[in-house]
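Chemist: Predicted model, plus sequence, below.
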Amino acid sequence: MREVHHFIDGKTVAGTSGRFGDIYDPNTGAIQARVALATKVELGAAVDAATAAFPAWASTNPQRRARVMFEFKRLVEANMDELAHMLSSEHGKVIADSKGDIQRGLDVVEFACGIPHLLKGEYTEGAGPGIDVYSTRQPLGVCAGITPFNFPAMIPCWMAAVAIACGNTF
């Protein structure tokens, strides 16, 4: 049976908890795969990897981070059919709806491609007597997202694309 493992620090990592969640085929009700449930140690390893990657990623200039988003967009578009079939087999959406879910996520990825302009900050001279006001936008650190089951591509893209483009790890 197919097993879905963790992806930590750029590598596929088999779970060590011995616990799994079943992945059902919504069309037949049969179990088509299982996903390893993480231990606290595995979760910690993921957070530690994101923490270690953060300084270099945050200091990467926004244009280079945007290029990563452009490449991600290209890869998703190139694999749209395969992704839509995978999503459909795991969530029961028809292929057209699966593609729509992915495309709506890509809409935000496209927005994230333009993040360099949005990260410029603002400056107001003379906001008050002897007062100048400025803002800068800086990465926050390690981010995480908890998403609902019913939009398995769209909402993760909404969260991760902007966070990553802004210099955070996710």
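Modeler: Here it is on my side, so go on.
Chemist: so who does His5 touch?
Modeler: Neighbouring residues of His5 by Cβ atoms under 8 Å, 6 or more residues apart in numbering: Thr12, Val13, Ala14, Gly15, Ala36. C-betas here are computed from N, CA, C, even on glycine.
Chemist: Give the buried residues for stretch 64-84.
Modeler: By neighbour count on 16 or more other Cβ atoms under 10 Å, the buried set for stretch 64-84 is Arg65, Ala66, Val68, Met69, Phe72, Lys73, Val76, Leu83, Ala84.
Chemist: which residue packs closest to the third one, ignoring adjacent ones?
Modeler: Read that as Val68. Ile164 (7.3 Å; Cβ to Cβ, 6 or more residues apart in numbering).
Chemist: what's the distance between that neighbour and Asn27?
Modeler: Distance, Ile164 to Asn27, using Cβ to Cβ, to the nearest Å: 33 Å.
Chemist: and what of Gly92?
Modeler: Distance, Gly92 to Asn27, by Cβ to Cβ: 7 Å.
Chemist: quick one: which of those two has more around it?
Modeler: Between Gly92 and Asn27, Gly92 has the larger neighbour count (other Cβ atoms under 10 Å), namely 14 against 10.
Chemist: Return the residues in contact with the more buried one.
Modeler: For Gly92, counting by Cβ under 8 Å, 6+ apart, the contacting residues are Pro26, Asn27.
Chemist: Over to the one 10 residues further on?
Modeler: Applying Cβ under 8 Å, 6+ apart, we find Ile102 in contact with Val76, Met80, Leu83, Ala84, Leu87, Ala153, Met154.
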